[in-house]
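**Student:** missing the sequence, but the structure's below:
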């Protein structure tokens, strides 16, 4: 029986965190050690707006063991934090979690100490942990998730004037506005699986990851589905270690069969794209195991990468990439010109270099271009774009940025069931130069340039510019820097809050909030900086821009007048 215990309010400040840590307890039970998707997950649904224009609302906590065979001892805590970072309400609970999803509801009446809660933006934080019920000595594995909520009437922020960039499918024929940015927006999903690994599950029966290569629906089905649902592109990112037909190691695997399957996926994407010039299907790899280092996508490899060997010692792949050796993988990716994305990252225990999470390497910085900031549930069967279970990873992506990685934010669906791109309205937006066709080459070039934004609303855009430079750029600046968070909505949505964030590459510190204004002018300190924008709509959907990276240098020569460029810059 689950208990819900109301605790007393506390004024102790809490540290700001936006990461959802995927807490993995694979291997807790005998026989699970080699599996990758038997994992504990927890999500929080926190309605952004209250009921009947008030503060009252119901929070939903979803705890998912992903069909693991073992039972878990579960405990959780839900914190409500006010605009001054004070803990003002708290709820706790504990119980047993078995094979199926468990939902717990927590009701807040919208009051604090008996009075209606003051207006403002509050944060709701879920702390959840679980361990195998059969092993009391095993450590609890933790999940942290946080969402903002709006309480009361709030003044809308002032936004710069911005005409939406044309969207490829509907507005590409329109003449761009005078002085507009010369790009067309393409919207899609960069992370999904099909029957070539553990995806493609029939919606009537799909409740989790499929047994590798057991489902009926492959890459061609996924591309056709995504095309019909209005996506411009879909990446089928198959788990690299499942081409032997197993989530563990298949001693009887035939390397020729595995390599042929991979090549058939590349051929399927090529033939599909030739027949559908307004859509791009990409066949790539999701490399790594989540309970031993972390997943990352490789979008443009033509080689099957792996470490599995059969009983005869034959490598079940084209190219050996030792499991967990991210340094060697980054070096290979850079050498081959492959481009990657950090998938559903955590702040600890993943992407280790020298035992350091998100340890920096120049090879990795060249190879890794994206970081998933939000996913919808990987095992959703929703086809109406209304999935409520979502996970956010902004804290982990910030850790990568502070480590020195030049990554833009993406948001995907990690579909394992046959609803590619349909579970929610979230999309990754990619900016490709006007007049350039959507091809794998043009998509990869745009991703390399980090001309990418992440949006939970496929009808909204966010483009950050800085002194005329577009998001994704790296440039040198002297004097003032004006950051513009440019927003547009095709459905009439408005913006509730604006946040501009600042960090320092290679500092390995914390990203901080710089401003709550969509137009922000500062003079940065000398040295390296990055900046990005996060906007929340009035319906609670969030957009993230890619960062800009700025090297601030001292002025030399006369001080410029009326915003003119300086005569020269110091070295």
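**Tutor:** Nice, I can see it. As the structure is a prediction and not an experimental result, all values here were calculated from the model. Numbers count the residues shown, from 1 in each chain.
**Student:** can you map out the strands along the stretch 51-200 of the chain?
**Tutor:** With DSSP state E, counting those that start in this stretch, the ranges of strands along the stretch 51-200 of the chain come out as 57-64, 72-81, 87-97, 102-108, 111-112, 115-116, 120-132, 141-151, 183-189.
**Student:** And for residue 157, the neighbour number?
**Tutor:** Per other Cβ atoms under 10 Å, the neighbour tally for residue 157 reads 18. Bear in mind the C-beta positions are built from the backbone N, C-alpha and C, glycine included.
**Student:** what sits against the closest residue to it other than its chain neighbours?
**Tutor:** With sequence-adjacent residues excluded and distances taken as Cβ to Cβ, 6 or more residues apart in numbering, residue 157 is closest to residue 498, at 4.7 Å. Counting by Cβ atoms under 8 Å, 6 or more residues apart in numbering, residue 498 makes contact with 157, 159, 485, 515, 516, 517, 518, 533, 534, 535.
**Student:** Also residue 127?
**Tutor:** 76, 77, 78, 79, 142, 143, 144.
**Student:** returning to that earlier point: roughly how far apart are the residue nearest to residue 157 and residue 160?
**Tutor:** As for residue 498, its distance to residue 160 is 11 Å (criterion: Cβ to Cβ, to the nearest Å).
**Student:** Likewise for residue 40?
**Tutor:** 43 Å.
**Student:** re the thing from before, ok, what's across the strand from the residue nearest to residue 157?
**Tutor:** Under DSSP bridges, the beta-bridge partners of residue 498 are residue 535.
**Student:** doesn't residue 545 make contact with residue 460?
**Tutor:** No. Residue 460 lies out of contact with residue 545 (Cβ atoms under 8 Å); the separation is 11.8 Å.
**Student:** Tell me which of the two has more neighbours.
**Tutor:** Shown here are residue 460 and residue 545; by other Cβ under 10 Å, residue 545 has more neighbours (31 against 24).
**Student:** what's the closest non-adjacent residue to that one?
**Tutor:** residue 464 (3.7 Å).
**Student:** domain parsing for this structure?
**Tutor:** 5-151, 186-458 (automatic domain parsing).
**Student:** Reformat the ones you listed into CSV and put mean pLDDT and distance to residue 165 next to each item.
**Tutor:** Shown next, in CSV, are these (pLDDT from 0 to 100; distance: least, Cβ to Cβ, whole Å):
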stretch, mean pLDDT, distance to residue 165
domain 5-151, 76, 26
domain 186-458, 97, 7
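**Student:** Now render these as JSON lines, adding distance to residue 511.
**Tutor:** Formatted as JSON lines, these follow (distance: least, Cβ to Cβ, whole Å):
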{"stretch": "domain 5-151", "distance to residue 511": "9"}
{"stretch": "domain 186-458", "distance to residue 511": "4"}
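**Student:** Burial-wise, tell me which of those comes out on top.
**Tutor:** Highest mean neighbour count among the domains of the chain (mean count of other Cβ atoms under 10 Å): domain 186-458, with a mean of 21.
**Student:** ok now it, how far from the chain's centre?
**Tutor:** 12 Å (Cα atoms, centre = their mean, to the nearest Å).
**Student:** wouldn't residue 510 be in contact with residue 399 here?
**Tutor:** No. The criterion here is Cβ under 8 Å, and residue 510 misses it with residue 399 at 9.1 Å.
**Student:** now stretch 528-543, how far from the centre of its chain.
**Tutor:** With Cα atoms, centre = their mean as the basis, the mean position of stretch 528-543 lies at 13 Å from the chain mean.
**Student:** Please read the previous query as pertaining to stretch 146-153.
**Tutor:** 21 Å.
**Student:** and the longest helix belonging to the chain, what does it pack onto?
**Tutor:** If each helix of the chain is counted by residues according to DSSP state H, the longest one is helix 255-275. Counting by 3 or more Cβ pairs under 8 Å, 6 or more residues apart in numbering; DSSP states H and E, the packing neighbours recorded for helix 255-275 are helix 219-228, strand 233-239, strand 280-287.
**Student:** Tell me the helices and strands packed up against the shortest one.
**Tutor:** Helices and strands touching strand 233-239, as assessed by 3+ Cβ pairs under 8 Å, 6+ apart, comprise strand 183-189, helix 219-228, helix 255-275, strand 280-287.
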